[in-house]
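>>> got a predicted structure here, sequence first:
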Amino acid sequence: MLGVPIDTPIRGYYFSLAVVTLMTLLAVNLTRSHIGRQWMAVRDNETAAQLMGISITKAKLSAFAISSFYCGVAGSLWAFVFLKSLGITSYSIDTSFKIMFMIIIGGIGTIMGSFIGAAFVLIVPILLNMIPATMSLPLSTGVLACLEQIIFGIFIVFFVIVEPQGIVRSVRNLHLKLVAWPLTVNR
């Protein structure tokens, strides 16, 4: 990029960090713009949005086009910065499910939720591999893989049924309770 090859992991990391930072800033500003407000209006209530003069078809198509652009940038970073090549085995159904888990667990419809969900999905397997070693438990990698799937399944079911807005909403609710804590009355 700009005459500097991305040949080491640290250069790839900094390049990815720069692209993700730029794309995040664009997404935050886009959600605060006129187009972002149209998307939110259509998401919340299509009939009310249409009565306010918003073209539903135009709003949905623009949301689809911009989200497709973001997916394309993410896929190219995955293929050419992380994997260093692109082939038929570069993507699997497991990768698709992990991306979906990141969004659901972090919080659907939030930018910060995507980051929190990604951190959660990446950190849980690392912690699961560390626990047996620290506690001297003889668990095989197959058992740990099954345990990982069980934990993700429990979180997916919980966040889909109980808290559809994911960890972000749970943290916001906890923050609001802590701020109002001395003034709350238990009944």
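Thanks, I have it.
>>> hey, let's count contacts and neighbours off CA atoms from now on
Will do.
>>> which ones are touching the spatially most central residue of the chain?
With distances taken as CA atoms, centre = their mean, the residue of the chain nearest its centroid is residue 114 (2.2 Å). Counting by CA atoms under 8 Å, 6 or more residues apart in numbering, residue 114 touches 102, 103, 106, 107, 108.
>>> one more: residue 49?
If you count contacts by CA under 8 Å, 6+ apart, residue 49 has them with 38, 41, 42, 56.
>>> what of residue 110?
So residue 110 contacts residue 168 (CA under 8 Å, 6+ apart).
>>> just the contacts of residue 114 now: which is nearest residue 123?
Closest approach to residue 123 among the contacts of residue 114 (CA to CA): residue 102, at 11.4 Å.
>>> any idea which element that closest one lies in?
In the assignment (DSSP states H and E), residue 102 maps to helix 93-106.
>>> what mean pLDDT does that helix have?
Averaged across helix 93-106, the pLDDT comes to 87.
>>> only the buried residues of that helix, if you could.
The neighbour-count check on helix 93-106 (16 or more other CA atoms under 10 Å) flags 98, 100, 101, 102, 103, 104, 105, 106 as buried.
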